[in-house]
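**Student:** model this:
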Amino acid sequence: MANSKKNPNPTDGKPELAPALLAYLNPEFLNSPDGRILRILAEYAEPLARFRREKIQDTVVFFGSARFASLPDAQQALTMLEKSGGAKPVGGKSKGDKSQEDKSQEDKSVYRDISWFDWSHAVDMSADGKLLLFDETGDGGGPNHSVYIRNLQSNSTVRVGDGQAVALSPDLKWALALNPKKPGYLNLLPIGPEASRTVSGHGLKYNWARYFPDGQRLLVAGSFPGKPLRLYVQALNGEEPVPLNPDVFLNFAIVSPDGKQIVGVGPNRKIATLPAAGGESQELAIPFPSVPLFSCPVIISSP
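**Tutor:** Below you'll find the model as predicted:
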């Protein structure tokens, strides 16, 4: 590429072409948003060249384009985070100046790290917010993965079995789980003293499942050999899955609190409702991409 500039000889009449700066020699470009990818690569390539020059190997190194704070600043920030309410807001009161009610409200607003091992995945939560169903599918979860129940009130965690977590039963007595190595079955893992149970798909390969509010039926997504993915209703008493009609597959599907409607994202990426007893689906006029959520009524009482 070349830049044109005026020829100092006005009689020539032809513009004089001057070579443009090479991109990696152009500080304006290198420091611009468009040059960020080169800066990131340089953060990797330059230390790598030093490691090779110094013959450094078998060393774990973390690379990143971010800049670290100084050690004193980082230690001060960590100390403030570890002390609940230790940071004093500008123009406000310190924690020692707050009333007991203020302290209680502050403690409720503090974020808590409730992850367990290396790949914690939250799947379901009880309606009262006390029990959390999650799984561990990384190295910490073991070769068959692990399903856990965390009591957010007592801050205790219990492993209830193998597999990937799917859903909590409405009565909070069971955790539904799927073993990826045996996708033709669902496992009912007891949260209490009961014995575990197995639900057979009768040839169906499960993809996911949701409880109906009665706790006796499941909305499941799966496929039989050579058949496409579709939705089924299956009773927990051992009956075979019954396909929903018409055959409309919904992603992110959930069951309404009364168990009469199924809502999910349809083939054209719009929210659609489907009668649980069967019938035509109906799209909802939502002008933006979304996924369904059912909200429960909240009663607010005055003190």
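
**Student:** Next up, identify which helix or strand the residue nearest to the spatial centre of the chain is on.
**Tutor:** Centroid-nearest residue in the chain, with C-alpha atoms, centre = their mean: His121, separated by 7.0 Å. Using DSSP states H and E, His121 falls within strand 120-125.

**Student:** All the strands of the stretch 51-200 of the chain, in order from the start?
**Tutor:** 120-125, 131-136, 146-151, 156-162, 164-168, 174-178, 185-190, 197-200 (DSSP state E, counting those that start in this stretch).

**Student:** Now distance to Arg50 too, for those strands, in JSON lines please.
**Tutor:** (Each C-beta comes from the backbone N, C-alpha and C, glycine too.) Formatted as JSON lines, those follow (distance: least, C-beta to C-beta, whole Å):
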{"stretch": "strand 120-125", "distance to Arg50": "36"}
{"stretch": "strand 131-136", "distance to Arg50": "37"}
{"stretch": "strand 146-151", "distance to Arg50": "41"}
{"stretch": "strand 156-162", "distance to Arg50": "43"}
{"stretch": "strand 164-168", "distance to Arg50": "43"}
{"stretch": "strand 174-178", "distance to Arg50": "47"}
{"stretch": "strand 185-190", "distance to Arg50": "51"}
{"stretch": "strand 197-200", "distance to Arg50": "56"}
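
**Student:** Single out the most deeply packed of those strands.
**Tutor:** strand 174-178 (a mean of 25; mean count of other C-beta atoms under 10 Å).

**Student:** what angle do that one and strand 146-151 make?
**Tutor:** Using axes from the mean of the first three to the mean of the last three C-alpha atoms, to 10 degrees, the inter-axis angle of strand 174-178 relative to strand 146-151 is 150 degrees.

**Student:** Mind checking the pLDDT average for strand 174-178?
**Tutor:** Taken as a whole, strand 174-178 has a mean pLDDT of 96.

**Student:** partner strands of that strand, parallel or antiparallel?
**Tutor:** Here strand 174-178 has these sheet partners by DSSP bridges: strand 164-168 (antiparallel), strand 185-190 (antiparallel).

**Student:** Give me the contacts around the first one.
**Tutor:** If I follow you right, that is strand 164-168. Outside strand 164-168, the residues that touch it by C-beta atoms under 8 Å, 6 or more residues apart in numbering are 121, 123-126, 131, 133-135, 137, 145, 147-148, 174-180, 186, 208-211.

**Student:** C-alpha coordinates for it, PDB please?
**Tutor:** Extracted as PDB, the C-alpha positions of strand 164-168 are listed here (Å, rounded to 0.1, in the frame of the first residue of the first chain):
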ATOM      1  CA  GLN A 164     -25.800 -35.400  35.500                       C
ATOM      2  CA  ALA A 165     -28.500 -33.500  37.500                       C
ATOM      3  CA  VAL A 166     -31.800 -33.000  35.700                       C
ATOM      4  CA  ALA A 167     -34.500 -31.800  38.100                       C
ATOM      5  CA  LEU A 168     -35.800 -31.700  41.700                       C
END
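
**Student:** chain center to that strand, what's the gap?
**Tutor:** When distances are taken as C-alpha atoms, centre = their mean, to the nearest Å, strand 164-168 is centred 14 Å away from the chain's centroid.

**Student:** same question, the last one
**Tutor:** Relative to its chain's centre, strand 185-190 lies at 23 Å (C-alpha atoms, centre = their mean).

**Student:** the inter-axis angle of it versus strand 156-162?
**Tutor:** 150 degrees.

**Student:** What distance do you get for Leu30 to Glu43?
**Tutor:** Distance, Leu30 to Glu43, using C-beta to C-beta, to the nearest Å: 13 Å.

**Student:** quick one on the thing from earlier: need the contact list for the closest residue to the residue nearest to the centre of the chain other than its chain neighbours.
**Tutor:** In this structure, His121 finds its nearest non-sequential neighbour in Asp135, 5.4 Å apart by C-beta to C-beta, 6 or more residues apart in numbering. Asp135 makes contact with Ser120, His121, Val123, Gly141, His145, Ser146, Val147, Tyr148, Gly163, Gln164, Ala165, Ala177, according to C-beta under 8 Å, 6+ apart.
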